[in-house]
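Visitor: A structural model of the following input is requested.
(chains A, B and C)
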Amino acid sequence: MTGRSTVARRAALVVVGAVFAVPILAMVAFSLRSADGTGHDLGHWRAIVDPENERAYRNLVEGVTNSLVLAGASAALVLVLLVPAVVLVHLRYPRLVRPLEFVSLVPITVPAIVLVVGLAPVYSVVARVAGSGAWTLALAYGVTVLPYAYRAIQADLASTDLRTLAEASRTLGSGWLRTMALVVVPSLRRGLLAAAFITVAVVLGEYTIASLLNRVNLQTALVQVSRSDPFAAVIFALLALLFAFVLLVVVGRVGSIGTARPVLPGRDRARRSRTAPRKALS
Amino acid sequence: MTTLTEGARRASSVRDGAVPTRVRRRPAAWWGLTPFALYVVLFLVVPCAIALGTGFVSSDGAPTLSGLAALGDPVVLRAFGSSALVSGVTAVVGALVGAVVCWGLTALRPDGVVRSLIDSAASVLAQFGGVMLAFAFTATIGIQGVVTQLLLTRAGVDIFAGGVWFYQVPGLLLPYAYFQVPLMVIVFMPAVTGLKPQWQEAVATLGGTARQHLFRVVVPVLAPAFVGSLLLLFANAFSSYATAAALISQGSQIVPLQIRAALVSETVLGREGVAGVLALGMVVVMVVLMTLYSLLQRRTERWQR
Amino acid sequence: MIQKRYLATAATLTALALALTGCSAEADADTAAGGVDAATATSAEELGGMDALVEAAQAEGELNVIALPDTWANYGEIIDAFEAEYDITVSSDSPDVSSAEEITAAKNLAGQDTAPDVFDLGSAVALANVDQFAPYKVTTWDDIPDDYKDADGAWVHDYTGLMSIGYDADAVPEPTSLDDLLGADFSGKVAVNGDPTQAGAAAAAVQWAALQDGGSADDVQAGIDFFGELADAGNFLPTDPTPATIASGETPVVFDWSYNNLAAAADAGGRDWKTAVLPGTALASYYNQAINVDAPHPAAARLWQEFIMSDEAQNLYLAAGAYPVRMAAMTEAGTVDQDALAAVGEQPADTVQLTSEQTEAASALLASTWASTIG
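Guide: Numbering: from 1, shown residues only, chains lettered A, B, ... in the order given. Predicted coordinates for the structure are as follows:
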């Protein structure tokens, strides 16, 4: 790669980056507008934490709380249900790998807006069995994040020689449960962490299912707040975007800790397994 | 590698003693699969079946094919057309700009801070956007947006002089492109990093030029990945709901908004069956797209080994 | 050994399941014990008088309402008054959903204690879902004209407004007729509260335009044509007006119910927001009160209905600019809030309200032609 081409490539990145920064900067500028329309101040930011406005933001607080609960519940659901299934299929039932991959593609093929048409009757049954608490939505979210979580776990699986480790553990006399707990989970730490964090990010940003099932979560609360106070909506949207960004940066850096250095520097191919867990769809 | 460990497994199971081991293994293994299978059936298969089936059941519960007539309704057809237009335009723009960004990213250190920040930013914008992107663009080019006001006061340009297009289909193009480009980066980058530098060296050794390397090596190798990613971008925009729902409060110009209208309208009642039919239409389109994508993906993976 | 592990897990799961159903059964038993009478009572007398009703409601202690924004027909104050008088906590969910979504929420949450207890619905949705309502006749039942209530008490009109044009007096001149809105002063400024193919208030705006512009209650095509002309002139703004857009000046002219436009003046961020009910035919549309047949708090739901039909709440409606259903009876009895009446003005004599058949026909016409006319 010549020096000139490197400069051109970096220039392209800078240009695109600048264009993409415009809406984010506009959000910041918008939120700093003073109440009378002229000049800029921190008035709207201060109004968020002002206890007087508590009633107006009650719904938003409820939305944030529900979303955090849902994020935790969905991550737990994914880790408890999906991980054993993926591991078992890859280790014991290789003929089920293709069907599993197909299943992981279905939530992309059948988008949330279609799924929600059929979820309403399912949820009236769920409501009777398990109540209508905020966490019940996690059952639907587990399906929505399936493609991303599956990719994250599977990418890590592909780059770890789990089969040998599992065989070794089994040969030494461990049952499946011990093998899972003491061998599989620690080896797949990066993939599991990536799956959990991606789940959190997707759940925090989910709007379709929550709004059409009449539930309150962060996004539906944001839309409701925007009708009466667009500034609060923009501020919370900024904060949510920042939070998700930090989350994913952390998972990216954590994912790169403890990976073996490639033999020859500059070979992207050798590093693909390290960056793969961060890629949601590849 | 597979056959070796397969053999080892078979050998080890024979060594442990045939029948008792197998009986002991199966229940434990199925404990891992059955909950997942049950969950998928309950919350994926059943809702899909219900969603696609409501189109075929009339209001008094009898099966009927008359619901499909709704797909011939000019309003619905126009919605499919608008959806396809928005998806197509933003997919092409996203694919081209995204490919440029991927090319640019090859100039960065793969394990560097900048690259990891860009990867995370791409993940956030591609999957997390929805409602928040709608707010971002309202704050930018909405009627009271920062850029709108800047153009009005500093440059005297009123971007809404010909009518307020922001809250209609044209207003969707920019937010959609905004999350299509990061998605392209995420999906296309593995293919770009799969281009081995040895190929460039080989072309040079054989006396070829950089142009020949580009058109005879790079383009054919990347073509399936590019087209596959384009299809994925199209599918992504076609099925996208949150951004449109947050931006467009009146009118149902694209198919997901038509579904919303069928479910929540208080003036035109009894149209839940139409929602099912629209869902069916959407799924048919998506199945076609995803099948093509899977086929292209297999060709792409060949070059990434 | 394996069998033991199987049995242990199976036993735990069964125990869990039983515990869960036990919990919900307990909850049902509680409401059943206190509310067996309340859930089926069709009047306060059946329960043993108003005092008994109040007692039963206070024992329940909570009420779930849905789709009641604080600024819609003074519901904020009505809810506060109810809470203060009876010491019952009112939980106001999903204020921005449509009438159809109220019914959907009731169906989705059936059996849960977060299900809505009472509804405030547009007539089309009310008439289509009578099975979802528990019949109940309030103590002031006879004050209400027969046309305005269901014979069995499933639903009853509560208030209505007049379709009006709210406008920012600083940004646009006062519109004196519909044709004024086609002028250059109103370029890109005229919005309707909702999508006429989805929201009742917006459909009413089109119906009113039809009545004003040469159409009739049976055929609203003239109204759709008017909005088509508005769109061609570049004056139509296809976005929902909200308190935020009114305060920021994005939607300086809004077609909405008179009580909503009057309430917007208070929230308009310093703008001079006025409401104009154009001369000529006025359009009214009553909303309907109903009690959810699966209400988790049946006594509180019935008490709410009594409260809505009481003089206090009816006058609160009037204070917001909405004409209460018992207006005629209250005027006779002299219990009308005279100041509020003076501020709002008498209900015009030639007020039209569409019948259910006319509403259906109008909706069908809108569904087929609105998108292409505006589009």
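Visitor: near chain C, which residues of the stretch 51-200 of chain B?
Guide: Proximity of the stretch 51-200 of chain B to chain C is confined to B:Pro74, B:Val75, B:Arg78, B:Gly142, B:Ile143, B:Gln144, B:Phe160, B:Gly162, B:Gly163, B:Val164, B:Tyr167, B:Gln168 under the rule CB under 8 Å from any CB of the partner chain. Any C-beta I mention is one placed from the backbone N, CA and C, and that applies to glycine too.
Visitor: the fifth one against B:Trp165, yeah?
Guide: The reference is to B:Ile143. No: contact criterion CB atoms under 8 Å: B:Ile143 and B:Trp165 do not qualify, at 10.9 Å.
Visitor: compare the two (neighbour count), which wins?
Guide: Taking other CB atoms under 10 Å in any protein chain shown, B:Ile143 and B:Trp165 do not tie; B:Ile143 has more neighbours (20 against 14).
Visitor: burial check on the closest residue to the more buried one other than its chain neighbours, number of neighbours?
Guide: Spatial nearest neighbour of B:Ile143, excluding adjacent residues (CB to CB, 6 or more residues apart in numbering or on different chains): C:Glu250 at 4.7 Å. C:Glu250 has 22 neighbours, counted by other CB under 10 Å.
Visitor: now do the contacts for C:Glu250.
Guide: Contacts here follow CB atoms under 8 Å, 6 or more residues apart in numbering or on different chains; on that basis C:Glu250 touches B:Gly142, B:Ile143, B:Gln144, C:Leu237, C:Thr239.
Visitor: what are the ranges of the helices in the stretch 1-150 of chain B?
Guide: Assigned helices in the stretch 1-150 of chain B, in chain order: B:2-16, B:18-40, B:46-53, B:74-105, B:113-128, B:131-141, B:146-154 (criterion: DSSP state H, counting those that start in this stretch).
Visitor: and of those helices, who's closest to C:Gly223?
Guide: Across the helices of the stretch 1-150 of chain B, C:Gly223 has its closest neighbour in helix B:74-105 (18.5 Å, CB to CB).
Visitor: counting by contacts, list what that closest one packs against.
Guide: For helix B:74-105, the helices and strands in contact under the criterion 3 or more CB pairs under 8 Å, 6 or more residues apart in numbering or on different chains; DSSP states H and E are helix A:3-31, helix B:170-193, helix B:219-238, helix B:255-264, helix B:272-302, helix C:356-374.
Visitor: can I assume the residue nearest to B:Ile143 sits in a strand?
Guide: No: going by DSSP: H, G, I helix; E, B strand; the rest coil, the assignment for C:Glu250 is coil, not a strand.
Visitor: mind checking pLDDT for it?
Guide: Note on C:Glu250: pLDDT of 85.
Visitor: can you list the residues of chain A near chain C?
Guide: When proximity is defined by CB under 8 Å from any CB, chain A lies next to chain C at A:120, A:123-124, A:127-132, A:213-214, A:216, A:224, A:226-230.
Visitor: out of those, which sit inside helices?
Guide: Using DSSP state H, the subset of the residues of chain A next to chain C located in helices is A:Ala120, A:Tyr123, A:Ser124, A:Ala127, A:Arg128, A:Val129, A:Ala130, A:Gln224, A:Ser226, A:Arg227, A:Ser228, A:Pro230.
Visitor: got phi/psi on the residue of the stretch 201-305 of chain B found nearest chain A?
Guide: Nearest to chain A in the stretch 201-305 of chain B, going by CB to the nearest CB, is B:Ser239, at a distance of 3.3 Å. Backbone torsions for B:Ser239, taken as degrees, to the nearest 10, come to phi -90, psi 0.
Visitor: count of neighbours near it?
Guide: Here the count is done by other CB under 10 Å, and B:Ser239 has 24 residues near it.
Visitor: OK, contacts around it?
Guide: B:Ser239 makes contacts with A:Ile108, A:Pro111, A:Ala112, A:Ile113, A:Val114, B:Pro256, B:Met282, B:Met286, as judged by CB under 8 Å, 6+ apart.
Visitor: avg pLDDT for stretch A:142-158?
Guide: On average, stretch A:142-158 scores 89.
Visitor: could I have it exported to PDB, CA atoms only?
Guide: Output of stretch A:142-158 as PDB, limited to C-alpha atoms (Å, rounded to 0.1, in the frame of the first residue of the first chain):
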ATOM      1  CA  GLY A 142     -34.500 -13.000  23.300                       C
ATOM      2  CA  VAL A 143     -35.800 -13.800  19.800                       C
ATOM      3  CA  THR A 144     -35.000 -10.300  18.400                       C
ATOM      4  CA  VAL A 145     -31.300 -10.500  19.500                       C
ATOM      5  CA  LEU A 146     -30.900 -14.100  18.400                       C
ATOM      6  CA  PRO A 147     -29.100 -13.300  15.200                       C
ATOM      7  CA  TYR A 148     -26.600 -11.000  16.900                       C
ATOM      8  CA  ALA A 149     -25.900 -13.100  19.900                       C
ATOM      9  CA  TYR A 150     -25.600 -16.300  17.900                       C
ATOM     10  CA  ARG A 151     -23.000 -14.600  15.600                       C
ATOM     11  CA  ALA A 152     -21.000 -13.400  18.600                       C
ATOM     12  CA  ILE A 153     -20.900 -16.800  20.300                       C
ATOM     13  CA  GLN A 154     -20.400 -18.700  17.100                       C
ATOM     14  CA  ALA A 155     -17.500 -16.500  16.000                       C
ATOM     15  CA  ASP A 156     -15.800 -17.100  19.300                       C
ATOM     16  CA  LEU A 157     -16.500 -20.800  19.100                       C
ATOM     17  CA  ALA A 158     -15.000 -21.000  15.600                       C
END
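Visitor: and that stretch, how far from the chain's centre?
Guide: Mean-position distance between stretch A:142-158 and its chain equals 11 Å (CA atoms, centre = their mean, to the nearest Å).
Visitor: if we can go back for a sec, how near is the residue nearest to B:Ile143 to C:Asn260?
Guide: In this view, C:Glu250 and C:Asn260 are 17 Å apart by CB to CB, to the nearest Å.
Visitor: same question for C:Ser248.
Guide: 18 Å.
Visitor: which of the two has more neighbours?
Guide: Neighbour comparison, C:Ser248 and C:Asn260: the larger count goes to C:Asn260, with 23 against 17 (by other CB under 10 Å).
Visitor: would you confirm that the more buried one contacts C:Gly161?
Guide: Yes: with contact defined as CB under 8 Å, C:Asn260 reaches C:Gly161; the gap is 7.3 Å.
Visitor: overlap in contacts, the two.
Guide: Joint contacts of C:Asn260 and C:Gly161 (CB under 8 Å, 6+ apart) are C:Ala73.
Visitor: so where is the chain shaky, pLDDT-wise?
Guide: Just so you know, I chose chain A. Filtered on pLDDT under 70, chain A yields the residue ranges A:1-4, A:36-37, A:55, A:255-282.
Visitor: was after chain C, sorry
Guide: Looking at chain C by pLDDT under 70, you get C:1-36, C:375.
Visitor: by proximity to chain C, which residue of chain A wins?
Guide: The minimum distance from chain A to chain C, using CB to the nearest CB, falls at A:Arg227 (3.9 Å).
Visitor: surely B:Leu174 is in contact with B:Gly145?
Guide: No: in this structure B:Leu174 lies outside contact range of B:Gly145 using CB under 8 Å: 11.3 Å.
Visitor: more neighbours: those two, which one.
Guide: Set side by side, B:Leu174 and B:Gly145 show more neighbours around B:Gly145, with 22 against 17, by other CB under 10 Å.
Visitor: backbone phi and psi for B:Arg271, please?
Guide: With angles defined as degrees, to the nearest 10, B:Arg271 sits at phi -110, psi 20.
Visitor: nearest spatial neighbour of it, skipping sequence neighbours?
Guide: With CB to CB, 6+ apart, the residue lying closest to B:Arg271 is B:Ala262, at 4.3 Å.
Visitor: what's the spacing between that neighbour and A:Leu25?
Guide: Counting by CB to CB - B:Ala262 and A:Leu25 are separated by 39 Å.
Visitor: neighbour count for those two, which is higher?
Guide: Taking other CB under 10 Å, B:Ala262 and A:Leu25 do not tie; B:Ala262 has more neighbours (24 against 15).
Visitor: wait, what's in contact with that one?
Guide: Counting by CB under 8 Å, 6+ apart, B:Ala262 touches B:Arg271, B:Glu272, B:Val274, B:Ala275, B:Leu278.
Visitor: perfect, I'm done here.
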